[in-house]
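Q: Here is a sequence with its predicted model. Questions after.
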Amino acid sequence: MTGTRGDPARVHALIVGIERYDAGAAWDLPGPARDAVRLHGLLSAAGVPRSQLRLHLAPLPPYVPDIPYQAADQATLRRVLVRELPSVPGGDVLWVWWGGHGVLDRAGALRLFCADATTADKLGIDLDSALERYASDAVPGFADQLWVVDACETFEEDLAFREHLPADALPVGRRNLAHRQTLLRAAGRGRVAANDPVRGTGLFSDVLLDLLADRTAVLPAPPDPEELFPAVRTRIAALREAGRTLQYPEIRLQSPDRTEDLPVPAPTPERRPVSPLQRAVRALLAYPLMDDPTERQTVVSALDSAVTGTLPRHTKARTDVVGILNSLGRHHPEALGDLFEAVVSVDDHPGRRDELDAALREFADAARRPSDRK
């Protein structure tokens, strides 16, 4: 970008980080608000006036942002996308950053849940319609746009929602050739976007923010996506190899002279991804103690009595482990950390410990995906 497109006074951003939902604790997602504040800091340090950085958060206690922010409910975010940003005069560059829960609906559109979403009323923003609106004459400015979405793209039907998602498309205008859009999506079709609840960050967001911090010389204009994305993909691939995620980030480029999705290597048949539950089961059964009913009971007895009283039990080791994990994932995901401590207190083998830690974190992450199931 050249000329006014690199002028901080002509850069705007919508930065969304949602950690807490009206749906309740089962949807808690520590990390997105903190990631959003990190991006706000990078753009502010690059000279973008704070009045042009629209920060919308739903932080999860005990995290308290040290800068002012606005609400992240559907009505507020829809008003910003439909009314406020399109009417901005003199805006050349737009950043849109969204961290939170998402789902791929039955029509293939990515729905991003807002903070006031509940299991009975899944309020959100249709990302695809938002992109279409911002590529039309409904938005006269913002010729250069970078959209970053760190959210799951799990299939709607896999979450067993009792009701289909409501229609919530944004209004669009007449298509034109006035905009260049880059879209970075963290998860990939049908996949979970991994989150690190201990560090309070999304894995994709953390990777991308680190890379942006290394490129402050080009900010506040978005970095060259074809230079940035391979670096993102390389770091996420390393996390996959370490067993910390199964996601495959995607990038889509749309401009007057090109529209394409940059290729993302698919997993080979020999390395077919396993589900978070399968991985956690394997990691637990890698411990010899789990084959012994008495030692298995020693581990379970170390958990809180309010938790152990609800666990289904079985004499067969694999069936018992599957039942324990499913029950904890649905009703007590916070107790998965206690399960880890109980196992390693009996057998602290370094190799098995690291894999169990990663597997239980991923399983806990998947268990907290928005769903009607308890």
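A: Okay, I see it.
Q: Contacts only, for the closest residue in space to residue 45 that isn't next to it in sequence.
A: Counting by C-beta to C-beta, 6 or more residues apart in numbering, residue 45 lies nearest to residue 216, which is 7.1 Å off, once chain neighbours are set aside. For every residue, glycine as well, the C-beta is placed using N, CA and C. By C-beta atoms under 8 Å, 6 or more residues apart in numbering, the contact list for residue 216 reads 42, 45, 46.
Q: Could you count how many residues lie near the second one?
A: What that stands for is residue 45. The tally of other residues near residue 45 (other C-beta atoms under 10 Å) stands at 12.
Q: Can you spell out the domain ranges of the chain, please?
A: As assigned by automatic domain parsing, the chain contains the domains 3-269, 274-367.
Q: For those domains, give me CSV that also has mean pLDDT.
A: Converted to CSV, the domains of the chain look like this (pLDDT from 0 to 100):
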stretch, mean pLDDT
domain 3-269, 90
domain 274-367, 88
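Q: Specify which member of the contacts of residue 216 is nearest to residue 311.
A: Ranked by distance to residue 311 (C-beta to C-beta), the contacts of residue 216 are led by residue 42 at 45.0 Å.
Q: what's whatever helix or strand that closest one lives in packed up against?
A: Assessed by DSSP states H and E, residue 42 sits inside helix 32-45. For helix 32-45, the packing partners by 3 or more C-beta pairs under 8 Å, 6 or more residues apart in numbering; DSSP states H and E come out as strand 11-18, strand 53-58, strand 93-99, strand 201-202, helix 203-213.
Q: run the last query once more with 6 Å
A: strand 11-18, strand 53-58, strand 93-99, helix 203-213 (3 or more C-beta pairs under 6 Å, 6 or more residues apart in numbering; DSSP states H and E).
Q: Tell me the buried residues in it?
A: 32, 33, 34, 35, 36, 37, 38, 39, 40, 42, 43, 44 (16 or more other C-beta atoms under 10 Å).
Q: Make sure the first one is actually in contact with residue 17.
A: Yes: Residue 32 is in contact with residue 17 according to C-beta atoms under 6 Å; the separation is 3.9 Å.
Q: Quick one: distance of the helix or strand harbouring residue 281 to the chain centre.
A: Take DSSP H and E as the rule and residue 281 turns out to sit in helix 276-285. With C-alpha atoms, centre = their mean, to the nearest Å as the basis, helix 276-285 stands 22 Å off its chain's centre.
Q: Stretch 299-312 now?
A: On C-alpha atoms, centre = their mean, the centre of stretch 299-312 falls 30 Å from that of its chain.
Q: same question, stretch 126-143
A: 22 Å.
Q: Report the buried residues of it.
A: For stretch 126-143, by 16+ other C-beta under 10 Å, it's 126-136, 138-143.
Q: Just say helix, strand or coil for the residue of the chain most remote from its centre.
A: Of all residues in the chain, residue 294 has its C-alpha farthest from the mean position, at 39.4 Å, by C-alpha atoms, centre = their mean. Recorded secondary structure, residue 294: helix (DSSP: H, G, I helix; E, B strand; the rest coil).
Q: Distance of it relative to residue 116?
A: When C-beta to C-beta, to the nearest Å is the yardstick, residue 294 and residue 116 sit 49 Å from each other.
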